[in-house]
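[1] this one's structure only:
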């Protein structure tokens, strides 16, 4: 179901603020890019919190969807076919 999984990640990217799903070494990651110049402690905390929130939110959604559909052909994780 790689194709469906990749489609889901691309679809979710549109909903993320200043972050994106990426693939690296057969793993899906949430990443955020920011220049270091002018980066302060509050912004660093916000970045870490946002990426952590997205990772927690979407891993639950993806895990529930792909575990429940492991043996059958179904819609993507957003419910679309």
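    Yep, it's here. Model, not experiment: these values are computed from the prediction.
[2] distance check, the closest residue to residue 19 other than its chain neighbours against residue 20.
    Computed as CB to CB, 6 or more residues apart in numbering, the closest residue to residue 19 that is not its neighbour in sequence is residue 32, at 4.5 Å. Quick note: C-beta positions are derived from backbone N, CA and C, even for glycine. Going from residue 32 to residue 20 by CB to CB, to the nearest Å gives 8 Å.
[3] state the pLDDT value of the residue nearest to residue 19.
    Looking at residue 32, its pLDDT reads 94.
[4] that one reaches residue 18, doesn't it?
    Yes: contact criterion CB atoms under 8 Å: residue 32 and residue 18 qualify, at 5.8 Å.
[5] okay, and the common contacts of the two?
    Counting by CB atoms under 8 Å, 6 or more residues apart in numbering, the contacts common to residue 32 and residue 18 are residue 50.
[6] neighbour count: the two, which is higher?
    Neighbours per residue, other CB atoms under 10 Å: of residue 32 and residue 18, the larger number sits with residue 32, 15 against 11.
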